[in-house]
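[1] One predicted model, sequence on top.
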Amino acid sequence: MTEAELYTVYKGLRVPSLLHTPKSLKYFEEFTFRQDDIIIVTYPKSGTTWTQEIVPLIMSGGDPASVETVPNWERVPWLEEIQASTYNLEQRPSPRMLTTHFPYNMMPPSFFEVRPKVIYVMRNPKDVFVSSFFYHRTASFLVNPGPQTEFLHKFLDGKVMFGSWFDHVKSWLNAEDKEHIMHISYEEMIMDLKDAVGRMAQFLQKSLDPEVIEKIADRCLFKNMRKNNMSNYSIVPLAFLDQTKSEFLRKGIAEDWKNQLPVAEAEYFDSVYKDRMKDVNYTFVWDE
Ligand code: A3P
């Protein structure tokens, strides 16, 4: 299928047409948030699925059933995805756990009225790029990425799903009323998952014993989480997501870009990064 067939351009952003129909995008636009909703927000390939594992475990006090009985896309649904309207989110008890890939400026009006809690997860864009490159080779609903260099230019120009990584991250870093938004990085989660789980629990005002936090962090380690069929996308048909080419939970490490990007590509990436991020006043782990 061609790019024009695979992607819809929605308010200037490319979104995969099969996952995001006009009806599902309208559902997102008209969604009524509650003040106590918890929303996981990410640019794709930044640790969404990982956070969709951590948050239900936190909110259930560490109950494994919270992540073993329902697939991640139903347990913490993407509001803009085609299935969202079928999950009867309006009837779900509070606090609801939700997900979106949209930038701050594209959140629906109700979001700005009630300002629910947001966990915004960021990841080194060079690793986002690598993860995305492999993912695009497996997903039949995404455009074939072509050669790596070609995809790199598309990525840096924002001509990929959900637009530019730079614009996305900046939109959520510059969000107003930051006290209802927690910014955390994939790299911080890699470095000390127990600490990250503890901080998320604190942000969500969920008081948990240190042993429970430790158990949650252990369950969510890459090697353990990838065995969870409700989170590793193994129940998705091969025709949709061909994990024989590359698993969804692929490597789960920081700095895989060092294995994938030739020096010239990494240097080009850095030069664009430096220019696009020059107005950002935030210390990322990967810049230190
Ligand atoms: P890699 O392709 O680099 O392995 P998303 O869920 O936003 O699409 O992000 C997918 C990325 O998060 C993949 O990165 C995946 O392996 C990684 N990931 C998922 N669960 C993880 C975990 N428990 N620990 C570390 N990385 C994880």
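    Great, that's in hand.
[2] C-alpha only now, for contacts and for neighbours.
    Fine.
[3] What parts of this structure come near the ligand?
    44-50, 131, 220-222, 225, 249-253 (C-alpha under 6 Å from any ligand atom).
[4] In terms of pLDDT, where does Glu288 sit?
    Glu288 carries a pLDDT value of 85.
[5] how about it, what does it touch?
    With contacts defined as C-alpha atoms under 8 Å, 6 or more residues apart in numbering, Glu288 has no neighbours.
[6] Report the buried members of the residues of the chain next to the ligand.
    44-50, 131, 220-222, 225, 249, 252 (16 or more other C-alpha atoms under 10 Å).
[7] All the strands of the stretch 1-150 of the chain, in order from the start?
    Along the stretch 1-150 of the chain, the stretches classed as strands by DSSP state E, counting those that start in this stretch are 7-10, 13-16, 38-42, 97-100, 117-122.
[8] Any chance of those in CSV with mean pLDDT and mean neighbour count as columns?
    Shown next, in CSV, are the strands of the stretch 1-150 of the chain (pLDDT from 0 to 100; neighbours: other C-alpha atoms under 10 Å):
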stretch, mean pLDDT, mean neighbour count
strand 7-10, 97, 17
strand 13-16, 98, 21
strand 38-42, 98, 25
strand 97-100, 98, 23
strand 117-122, 98, 24
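[9] how close does the residue nearest to Glu30 when sequence neighbours are not counted get to Phe33?
    The spatially closest residue to Glu30, leaving aside those adjacent along the chain, is Pro108, at 6.7 Å (C-alpha to C-alpha, 6 or more residues apart in numbering). For Pro108, the distance to Phe33 equals 9 Å [C-alpha to C-alpha, to the nearest Å].
[10] Compare the two and say which is more crowded by neighbours.
    When Pro108 and Phe33 are compared for neighbours, Phe33 comes out ahead with 21 against 18, by other C-alpha atoms under 10 Å.
[11] just checking, that one touches Pro116?
    Yes: when contacts are counted by C-alpha atoms under 8 Å, Phe33 is listed as touching Pro116 (7.2 Å).
[12] Surely Arg96 and Phe33 touch.
    No: using C-alpha under 8 Å, Arg96 is not in contact with Phe33; the gap is 9.3 Å.
[13] Report the contact partners of Thr2.
    Per C-alpha under 8 Å, 6+ apart, neighbours of Thr2: Val143.
[14] With Trp78 instead?
    Going by C-alpha under 8 Å, 6+ apart, the list of residues near Trp78 reads 84, 98-101.
[15] Could you rerun that using 7 Å?
    84, 98-100 (C-alpha atoms under 7 Å, 6 or more residues apart in numbering).
[16] same check, this time on Lys215
    Neighbours of Lys215 in contact, by C-alpha under 7 Å, 6+ apart: none.
[17] before we move on, what SS does it have?
    helix (DSSP: H, G, I helix; E, B strand; the rest coil).
[18] Take the strands of the stretch 1-150 of the chain and write them to a markdown table, including distance to Asn72.
    Listed next are those as a markdown table, based on distance: least, C-alpha to C-alpha, whole Å:
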| stretch | distance to Asn72 |
| --- | --- |
| strand 7-10 | 23 |
| strand 13-16 | 19 |
| strand 38-42 | 12 |
| strand 97-100 | 10 |
| strand 117-122 | 16 |
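[19] quick one: average pLDDT of stretch 47-56?
    Per-residue scores along stretch 47-56 average to 98.
[20] Return the distance of that stretch from the chain's centre.
    9 Å (C-alpha atoms, centre = their mean, to the nearest Å).
[21] now stretch 205-223
    For stretch 205-223 - counting by C-alpha atoms, centre = their mean - the centre lies 20 Å from the chain centre.
[22] That stretch: end-to-end distance?
    28 Å.
[23] Number of residues surrounding Pro147?
    9.
[24] if we look at the helix or strand harbouring Phe166, which residues are touching it?
    According to DSSP states H and E, Phe166 maps onto helix 165-173. By C-alpha under 7 Å, 6+ apart, the surrounding residues in contact with helix 165-173 are 43, 103-105, 158, 276.
[25] before we move on, what about stretch 5-25?
    For stretch 5-25, the external contacting residues (C-alpha under 7 Å, 6+ apart) are 80-82, 141-143, 160-163.
[26] How about stretch 189-198?
    188, 213-214, 217.
[27] mind redoing it with 6 Å?
    214, 217 (C-alpha atoms under 6 Å, 6 or more residues apart in numbering).
[28] First residue to last residue on that stretch, what's the distance there?
    11 Å.
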